[in-house]
Structures are given as C-alpha cells and as structure tokens.
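Peer 1: Build me a structure from this.
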Amino acid sequence: MTDVTAAPSSPSTTKVTNRRRQLIAGTIGHLVEWFDWSAYAYLAIFFADQFFPRNSDSSLVPLLATFGVFAVGFLARPFGGLALGTFGDRYGRRAALTLSIALMGGGSLLIALTPTYDQIGVLAPVLLVVARLVQGLSTGGEWGAASAFMVESAPSHRRGLYSSFLYVGSNIGKIALTGAGGLLIATLGEQAMEDYGWRLLFGTGALLAVVGWWIRRGAEETSAQAGHIRTGGVERPGVFEFVRCYPVQTFQIFGIIVGPAVAFYTWTAYLPAYAVTSGGIDKGQALTAATVSLVGFAIAQPLVGMLSDRIGRKPLMLIYAVGFIVGTVPLLGAIGSVQSLILVQVTGLLLLSCSTAIAAAVMVEIFPARVRVSGISVPYSLSVAIFGGTTPMIATALQSAGHANWFGWYVVACTAVTLITVLTLRETHRAPLPE
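Peer 2: Here you go, the predicted structure:
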C-alpha cells in the first residue's frame, strides 16, 4: 500500500508507567486549551462593539462581524492540523501538545492587550484576526495529538473512558470560563465587563497556558516511532501519507464530525448569544445557563465513555445522531426563558455526549500509529472548520434575515451526514489499536 519504510516490529506505542499522571496531564492541558479557545465565543457579546462599531440600529451587526472572525480562526485549523499533526507523528505526541498550548496562550495574550477600534482604527480588528489565526493553528493540532496521547496511554479495556476525559477537560475549562465571567459581571457590572473585564479573562487564559505547558512537559511520550525516527531506524511519515494510504479512514473521520461540530457550536457558542439578542435574556443569565448545562455535559462524558467500553462505540453514536435528527427543531423552538434555555442546552448536550465522549477512541482505533496524529488532525479540523466554525455566523445571519427557524433544519441535515458515516464504521472497542 505504501513504499515508505515500515516501523520496527516492536510496538508502535511505548509502555506507560504512570497512567494516572498521563490522564491528569492530558485532561488539564486540554482544559487550558479550551478555556482559551472558548473565551472568544463566550465573551463576544461584551467586546464586539469595541472592534466592530455599529453602523446601523441593529445590535446584530457587530456581533455578526465578531463571529466572522470566530470563523476565520477555524480556517487556520486544517493548516494547524497538517503542521502539528505531522509534527506529532514525527517528533511525538508530547512535543506537539506542548507546542500547541504555547500557541494558544500567545493568542490569548494578544487579544487581551489589543487596543480598541477607537484607539488604533482598523489595526484593532486586524490584530484580532491574527490572534485567532494563531489560536486556530493551535486548536487544529491539539485534538489529534491529545486523542492519540490519551487513548495510547489507556489500558485496552478503558480506551473509551480515557477518551472521554478530553471533553471532561474542555468542559471544565468552559465551566471555569463562564463561572469566572459570571463572577466578574456580578462584581464589576455589565458596563465594566464591556469596558475591560473581558480582557481579564483573556489574560487569565494566557497565564493558565504557561501552567498547562509545564504540566505537559512532564508527561510520558506514548509514541515509540518518534524515538525510532531520531535514531534513523524508520523513515519519517510523509506530510500527506495519511490520506494517500488511508483515504477511507480519512473520509470517515471527516463525516463523523460534521454533525457533532455543528451541534456543539450551536449549543455552546450560538445559543447564549441568541438568547440575549432574541430571547430577552440578559447576558449574565445566558452565561449562567451555559455554565449549568456544561456541568451536566462534563459529568456525562466519563459515564458514556465507560458504557462504550462495555457495549461498543456505534450504538452510542447512533443514539446521538437519531436524537438530534428528531429533536433539534423542537428544542430550538422552545427557547423563551432562562428555564427553557437551560432545559434545551442540557438536553442537547446530553445527547451530544454520546458522540463527544468516545470520538477520540473511535478515531484512534481506526488509524495506524504511524500517521495517527495527522490522520486524525487534518480531517477532524477540516470538518470542524467548514461546519463548526461557520455555525454561529450562519445562525446569526439567518436570524438577521428573519429566517431563524431555518437553522434547525441545517443542523438536522448535518447530523444526517454523520449518521450515514457511522453506519459505515465497524465496531472497534474490543480490537487492538492498529499498528
């Protein structure tokens, strides 16, 4: 199938001596990554006017422009997936993860320090775009490297559980972010939050990235291939070797992420802003609802992960897909109060956990170790960029045009793509990781 030099007959992953430390390092590092990455979406309603002044009576104008930059960050993700994915296959998972978190922290620091449009004119949104591009590069390589690191660190009968802790970490990061945001609003007030409070959270994210970098540096490397490459025992993987040698797996990963990417960014990024602009809910209440729903989402992850180790991955992914196809339109149409917002967010995220908790395990179990990080990173980040990154912008544009009800059917169509793809997968929860 390929003319590259094969890896030695020894296992492609190293023996981990301290699984608990690996689990902690992977979870905390991912927590920091997603605290920083999610800050933009959660805080957009506070700083949109400062970078994109209103030119009409509609409050949606600066919000739409700000979510446009949100989408720009996603455009960088496939390039980050290719660069950091190849780096992770050649030099190890730990090396890719430390580089990823350094880039994320740098982007957060730049946003925290960037002056407003009134202070430096058009340079303000330009710097905002640069910061999001850097963060997009980081996030593009983060998922593949973190997935390989966590699942390769797991015992064979606990891969689903270890996989779930990626979303435990990312959700705790978002909970910490929204909790800190709610605390700042209560302490400073909404006006002060819009003036400078949002900068404090981006600055905090930059400091947390330093901590996460240090923790990741102390983790064990799970890839034996990196050592073989350094000693000349095996040829380096090619940049596009993953798709040239494993096209089916590449397209499967792309397809199984389409629906969850749209659903995730609908429920975690768009709904809080929608509730403020159309539901008559104030910003503090919207952040509180997001925090409550994310707590339930985080708790569900390890439970679903453990269940998948017993009954398999496919049954749970089918539950997610069918649930969203049937329930999305009714759920989105039910938002009218804080209570209904919490109910909608919790219901949707619990269904989504049937996919998110085991996504890393599913991907690692279908790609061989030689090109595992790039093979996961590129199709995953490309799918998220095309569908997830544009979700808030599409939803806001439809709302602005008076067709908000169309958006639910868009979510349903994307979920149908994932359902079809899941049906092509074979069950892998009892199979050894491909070498």
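
Peer 1: where does the stretch 101-250 of the chain dip in pLDDT?
Peer 2: Along the stretch 101-250 of the chain, the model assigns pLDDT under 70 to no residue.

Peer 1: repeat that for 90
Peer 2: Within the stretch 101-250 of the chain, the ranges that satisfy pLDDT under 90 run 114-130, 132-133, 136, 140, 171, 173-198, 217-219, 221-239.

Peer 1: show me where it has strands.
Peer 2: For the stretch 101-250 of the chain, applying DSSP state E, counting those that start in this stretch gives no strands.

Peer 1: need the helices for it, in chain order.
Peer 2: Here the stretch 101-250 of the chain has its helices, by DSSP state H, counting those that start in this stretch, at 117-120, 123-153, 159-188, 190-192, 198-217, 225-230, 241-245, 247-265.

Peer 1: Pick the most deeply packed of these.
Peer 2: helix 123-153 (a mean of 25; mean count of other Cβ atoms under 10 Å). Backbone N, C-alpha and C define where each C-beta goes, glycine included.

Peer 1: My read is that residue 366 contacts residue 255, right?
Peer 2: No: look at residue 366 against residue 255 with Cβ atoms under 8 Å: they stay out of range, at 12.0 Å.

Peer 1: what mean pLDDT would you report for stretch 37-46?
Peer 2: For stretch 37-46, the mean per-residue pLDDT is 81.

Peer 1: Also stretch 360-380?
Peer 2: 94.

Peer 1: related to what we said a few turns ago, residue 328: which of the helices of the stretch 101-250 of the chain is closest?
Peer 2: helix 247-265 (7.7 Å; Cβ to Cβ).

Peer 1: Could you list every helix and strand in contact with the closest one?
Peer 2: helix 314-332, helix 338-356, helix 359-364, helix 372-383, helix 391-400, helix 406-422 (3 or more Cβ pairs under 8 Å, 6 or more residues apart in numbering; DSSP states H and E).

Peer 1: Among the helices of the stretch 101-250 of the chain, which comes closest to residue 99?
Peer 2: Residue 99 lies closest to helix 123-153 among the helices of the stretch 101-250 of the chain, at 7.6 Å (Cβ to Cβ).

Peer 1: Run the angle between the closest one and helix 159-188 for me.
Peer 2: 150 degrees (axes from the mean of the first three to the mean of the last three Cα atoms, to 10 degrees).

Peer 1: quick one: helix 123-153 to helix 198-217, angle?
Peer 2: 30 degrees.

Peer 1: heads up, I number from 806, so please use that
Peer 2: Okay, using 806 as the starting number, the last item reads as helix 928-958.

Peer 1: who touches residue 1161 in this structure?
Peer 2: 972, 1065, 1069, 1106 (Cβ atoms under 8 Å, 6 or more residues apart in numbering).
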